[in-house]
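> Next one to model:
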Amino acid sequence: MSLFEASGSAHQPLATRMRPTGLQEVLGQPQAISSGSPLTELIAGSGGSSVLLWGPPGTGKTTLARLVATERGANFRELSAVSATIKDVRAVVEEGQRNRELYSRDTVLFIDEIHRFSKTQQDALLPAVENGWIILVGATTENPSFAVIPALLSRSLLVPLRPLELHDLLQLIHRALVDPRGLDGDVQLSEDAAELIARMAGGDARRALTTLEAAVAISEGDQIEIAGVEQVLQQAAPRYDREGDRHYDITSALIKSIRGSDVDAALHYLAIMLSAGEDPRFISRRLVILASEDIGIADHTSLLVATAAHQAVSFIGLPEAGYALAQATIHMALAPKSNSVKLALQAAIRDVSEGRTGPVPAALRDDSTASARAEGAGQGYAYPHNFPNGIVAQQYAPDAVVGTDYYQPTQHGAEQRAAETIRLIRQRLSEQGGT
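Here you go, the predicted model:
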């Protein structure tokens with residue numbers, strides 16, 4: 001009987017029965033389990049380091065911990081940081097030390113939610129990790145840089161895990177439908193129902209399988225349609241096709257509502273996208289683009305907020321990731337608007353594409369080599385820091401675009417101050433014929 005089998009396994013949850021028994025069954029983590037990666041080397045037994053698995057729920061942290069033990073032929077012990085005490089930890093460490101000294105056998109200690117351990121509890125792990133008495137596999141949904149003590153972090157491999165993509169979840173659902181460990185072909189699931197399960201799972205494999213199992217439980221036959229899945233989810237599936245017009249319409253409406261400063265409409269469209277299981281990373285990328293395209297210098301904090309939201313959704317799964325997206329949406333809807341950054345770049349690109357450019361002025365050319373200096377590179381360059389206000393008039397632009405003002409600031413928000421600043425700068429640069 002394998003590590004993953006037990007009597008009465010048919011009565012175990014579907015997510016447990018479908019837990020991968022080998023790396024070839026692990027979905028959605030190619031960067032973590034690629035050939036030669038630190039984690040695969042550890043699983044193969046060629047390394048003895050401990051590992052911290054960092055990612056949102058349902059991305060395979062427990063599975064990978066078990067595979068480390070299985071592939072290495074090691075004992076597997078699991079503790080939850082929510083309930084385990086230092087006494088529990090020391091008991092496993094002592095067992096691991098005996099197994100190592102008497103039988104030369106590894107012990108893998110898997111600690112779920114290790115970020116919930118206090119500093120004292122984490123300190124208790126250090127001697128065991130340092131001496132190789134156990135192979136620690138810690139799972140966390142929090143950034144280990146903040147949640148794990150530096151001494152433990154420095155002794156462990158850090159493996160980020162990502163939310164599963166839609167196609168990974170659809171593959172997992174299909175596998176569960178036909179695999180003897182799962183539903184063994186006894187149930188049919190419509191494509192729409194499968195896609196709804198995958199979308200609403202938010203990158204969480206466990207959530208997808210739990211939803212599928214619940215839909216099977218309430219089904220009166222062997223065919224499950226989208227209505228059965230909606231009943232399990234206790235909500236109607238929003239009419240939202242990720243590949244169809246509705247997807248682009250809702251996305252467009254979100255962006256245009258933020259651009260138009262209608263915060264309530266923007267939140268409504270954001271809610272539709274989240275409720276339909278849209279990839280939060282797709283939404284956050286759109287918000288980052290909008291921050292520069294439609295707000296820009298008028299509120300420079302918008303790009304910071306949008307970027308922070310994008311970083312947040314990369315390690316926080318739904319539904320909590322929605323809060324970061326909502327905060328960014330509200331912030332940018334209320335921010336002053338300007339498309340001057342977009343227009344400035346477009347104007348510059350238009351000149352370049354139409355051939356209005358030329359050689360770099362000699363004073364600005366790289367003069368790091370003797371041959372370049374012999375050709376006049378760097379000669380006559382005036383170092384701005386040597387002049388009052390850090391501004392010096394000299395030719396910066398190629399001849400073809402001298403005097404061209406690409407950036408045209410508005411009078412909105414912080415850009416009003418930028419408009420006065422650039423007026424003064426351009427005046428000083430033109431005083432002696434520079435640009």
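> use CA for all of it now, contacts and neighbours both
OK.
> wait, residue 152 sits on residue 122?
Yes. Because the distance of 7.4 Å satisfies CA atoms under 8 Å, residue 152 is recorded as touching residue 122.
> ok, the two, which is more surrounded?
residue 152 (21 against 18; other CA atoms under 10 Å).
> just checking, the more buried one is part of a strand?
No. In this structure, residue 152 is helix, not part of a strand, as judged by DSSP: H, G, I helix; E, B strand; the rest coil.
> Mind splitting the protein into its structural domains?
29-160, 166-233, 245-334, 347-430 (automatic domain parsing).
> export the ones you listed to TSV and tack on distance to residue 341 and mean pLDDT?
Shown next, in TSV, are the domains of the chain (distance: least, CA to CA, whole Å; pLDDT from 0 to 100):
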stretch	distance to residue 341	mean pLDDT
domain 29-160	34	90
domain 166-233	34	91
domain 245-334	6	91
domain 347-430	7	88
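> mind putting the ones you listed in TSV, distance to residue 12 included?
Listed next are these as TSV, based on distance: least, CA to CA, whole Å:
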stretch	distance to residue 12
domain 29-160	16
domain 166-233	10
domain 245-334	25
domain 347-430	59
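> Which of these sits closest to residue 13?
Closest to residue 13 of these is domain 166-233 (CA to CA; 7.7 Å).
> next one: that closest one to chain centre, how far?
Computed by CA atoms, centre = their mean, to the nearest Å, the chain-centroid distance of domain 166-233 equals 25 Å.
> how about residue 112, phi and psi?
Main-chain torsions, residue 112, degrees, to the nearest 10: phi -80, psi 140.
> Please report the distance of it from residue 98.
23 Å (CA to CA, to the nearest Å).
> Just want to know which of these two has more residues nearby.
residue 112 (23 against 16).
> Just list whatever residues bridge to the more buried one.
Residue 112 forms beta bridges with residue 80, as assigned by DSSP bridges.
> before we move on, the earlier item: can you tell which of the domains of the chain is closest to residue 18?
Per CA to CA, nearest to residue 18 of the domains of the chain: domain 166-233, 6.2 Å.
> Would you work out how far apart the start and end of that closest one are?
18 Å.
> isn't residue 410 right up against residue 419?
Yes. With contacts counted by CA under 8 Å, residue 410 reaches residue 419, the gap being 6.9 Å.
> The residue most central in space within the chain: helix or strand, and which one exactly?
Centroid-nearest residue in the chain, with CA atoms, centre = their mean: residue 314, separated by 1.9 Å. Residue 314 is located in helix 301-315, with elements delineated by DSSP states H and E.
> Return the list of helices and strands in contact with that helix.
With contacts taken as 3 or more CA pairs under 8 Å, 6 or more residues apart in numbering; DSSP states H and E, helix 301-315 sits against helix 280-290, helix 321-334.
> mind checking how far the first one is from the chain centre?
The chain centre lies 12 Å from the centre of helix 280-290; the measure is CA atoms, centre = their mean.
> Check the longest one too.
Averaging C-alpha coordinates over helix 321-334 and over its chain gives two centres that are 17 Å apart (CA atoms, centre = their mean).
> hmm, who's touching that helix?
By CA atoms under 8 Å, 6 or more residues apart in numbering, the surrounding residues in contact with helix 321-334 are 257-263, 266-267, 270, 274, 280, 283-284, 287, 291, 295, 302, 305-306, 309, 312-313.
> for it, which positions count as buried?
Neighbour counts over helix 321-334 (16 or more other CA atoms under 10 Å) mark 321-322, 324-326, 328-333 as buried.
> between the residues you listed, which is closest to residue 426?
After measuring those against residue 426 - CA to CA - the closest member comes out as residue 332, at 30.0 Å.
> Serialize the helices and strands packed on helix 301-315 to JSON lines and add fields for distance to residue 252.
Shown next, in JSON lines, are those (distance: least, CA to CA, whole Å):
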{"stretch": "helix 280-290", "distance to residue 252": "10"}
{"stretch": "helix 321-334", "distance to residue 252": "14"}
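> Which one of those helices lies nearest to residue 347?
Using CA to CA, the helices and strands packed on helix 301-315 put helix 280-290 closest to residue 347, at 18.2 Å.
> Now do the closest one: which elements does it pack against?
Going by 3+ CA pairs under 8 Å, 6+ apart, helix 280-290 lies up against helix 245-259, helix 301-315, helix 321-334.
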